[in-house]
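Trainee: Here is a sequence with its predicted model. Questions after.
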Amino acid sequence: MASTISSSLYTTPSYLPFSLNQAPSPSLSPSASKFSVLSKRRQFSILLQPRASASSQKTPPPGAAAAGAVRGDERLRQVHSIAEFEEALRSAKNRLVVVEYAASHSANSQRMYPFVVELSRACGDVDFLLVMGDESEQTRALCRREGIDRVPHFAFYKGMEKVHDEEGIGPDQLAGDVLYYGDSHSAVVQLHSRADADRLIDDHRGPAGKLLVLDVGLKHCGPCVKVYPTVVKLSRSMADTTVFARMNGDENESCMEFLKAMDVVEVPTFLFIRDGKISGRYVGSGKGELIGEILRYQGVKVT
């Protein structure tokens, strides 16, 4: 499955209309909230940083208990006002910030909260914030300013700029989003301009050069996010023979010029480059098809 450049926004079904005045309902018990969450997290454990050990046990912040809070949530910071929110984004600088907008009456917020805690502990280079929309008039004002009317809603920020947001998603999709927008430590080379791409291609010219697999996508492309965990795994398992790189075409004008020069009209597109020349391409997010194409351009016979 692929998205055209002109229609790349990825939407998902909403969970629950967000009423700022609705009275909270009784919270789920922690054991019920955690049902199957840890097993889902293990599917992504190979992709994420080693889980940090908790140095202390904290009482869950006000409002978080109503969202199914679990112990060890010290890396999920609750903010209570627009001023706190903006300060948290400023202090993060260029790190990815994931903001969960929740409400005490939302059963889906309750179910997602324990997983967000686990993810925050696993991803040491990502900041996680919690906004309880029905906590106070200040948090209601923040939700109104950010256009949040359904929960749970997740927004992703870098350098004070919102780069992505989604609602109605589950643990697997959230983990994939965090990896896609926050990846700064995998073997995948991150390209931010046409010059970056040209340098990488030049580095692998000649008979000793490796096969270059260039993953071209867009910031808000759902299929691009879906296939990226596979790209990360392959970048590690095929490191001896293949170099994997990624570029978001809508990051800046230089990247978009590169997409046009490479005749990329749908995303995700994978360009297979050998000795400075494009040997072929694969358009789509099918994991099996992508692996088969990579093996083919490595010279492996696929039956």
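Mentor: Yes, it's here.
Trainee: Just give me the residue right at the centre of this protein.
Mentor: residue 177 (2.0 Å; C-alpha atoms, centre = their mean).
Trainee: Distance of residue 169 relative to residue 181?
Mentor: For residue 169, the distance to residue 181 equals 13 Å [C-beta to C-beta, to the nearest Å]. In this view, the C-beta of every residue, glycine as well, is placed from N, C-alpha and C.
Trainee: With residue 83 instead?
Mentor: Separation of residue 83 from residue 181 (C-beta to C-beta): 25 Å.
Trainee: List phi and psi for the residue of the chain most remote from its centre.
Mentor: Within the chain, the residue lying farthest from the chain centre (C-alpha atoms, centre = their mean) is residue 207, at 36.0 Å. Torsion angles at residue 207 (phi, psi; degrees, to the nearest 10) stand at phi -60, psi -30.
Trainee: Find the nearest non-adjacent residue to it, please.
Mentor: residue 275 (7.7 Å; C-beta to C-beta, 6 or more residues apart in numbering).
Trainee: from memory the one you found sits against residue 208, does it?
Mentor: No: taking contacts as C-beta atoms under 8 Å, residue 275 lies outside contact range of residue 208: 9.9 Å.
Trainee: So for these two, which residue has more residues nearby?
Mentor: Comparing residue 275 with residue 208 by other C-beta atoms under 10 Å, the one with more neighbours is residue 275, at 14 against 7.
Trainee: got a list of what the more buried one touches?
Mentor: Counting by C-beta atoms under 8 Å, 6 or more residues apart in numbering, residue 275 makes contact with 204-207, 209.
Trainee: what's the answer for residue 224, then?
Mentor: Residue 224 makes contacts with 3, 180, 215, 217-218, 267-268, 285, as judged by C-beta under 8 Å, 6+ apart.
Trainee: on that earlier part again, among the contacts of residue 275, name the ones in helices.
Mentor: The helices, defined by DSSP state H, take in nothing from the contacts of residue 275.
Trainee: what bits of the chain have low per-residue confidence?
Mentor: Within the chain, the ranges that satisfy pLDDT under 70 run 1-73, 184-186, 301-303.
Trainee: just the helices in it please.
Mentor: Taking DSSP H, the helices of the chain run over residues 30-33, 37-42, 82-92, 107-122, 137-146, 171-182, 194-203, 222-237, 253-261, 287-297.
Trainee: Now the last one: buried residues?
Mentor: So the one you mean is helix 287-297. By 16 or more other C-beta atoms under 10 Å, the buried positions in helix 287-297 come out as 290-291, 293-294, 297.
Trainee: So if we follow the domain assignment, how does the chain break up?
Mentor: Annotated domains of the chain cover 76-182, 188-298 [the TED database].
Trainee: if we can go back for a sec, and which of the buried residues of helix 287-297 is nearest residue 99?
Mentor: Of all the buried residues of helix 287-297, residue 290 has the smallest distance to residue 99: 31.3 Å, by C-beta to C-beta.
Trainee: quick one: that closest one and residue 297, what's the gap?
Mentor: Note on residue 290: its distance to residue 297, by C-beta to C-beta, is 11 Å.
Trainee: what does residue 237 give?
Mentor: 16 Å.
Trainee: do residue 84 as well
Mentor: 50 Å.
Trainee: same thing with residue 79?
Mentor: Separation of residue 79 from residue 297 (C-beta to C-beta): 47 Å.
Trainee: and if you look at residue 85?
Mentor: According to C-beta to C-beta, residue 85 stands 46 Å off from residue 297.
Trainee: Next: residue 133.
Mentor: Applying C-beta to C-beta, the value for residue 133 to residue 297 is 49 Å.
Trainee: for residue 266, same thing?
Mentor: As defined by C-beta to C-beta, residue 266 lies at a distance of 19 Å from residue 297.
Trainee: again with residue 289
Mentor: 13 Å.
Trainee: what do you get for residue 228?
Mentor: Distance of residue 228 to residue 297, given as C-beta to C-beta: 20 Å.
Trainee: ok, residue 298 touching residue 243?
Mentor: No: taking contacts as C-beta under 8 Å, residue 298 lies outside contact range of residue 243: 11.9 Å.
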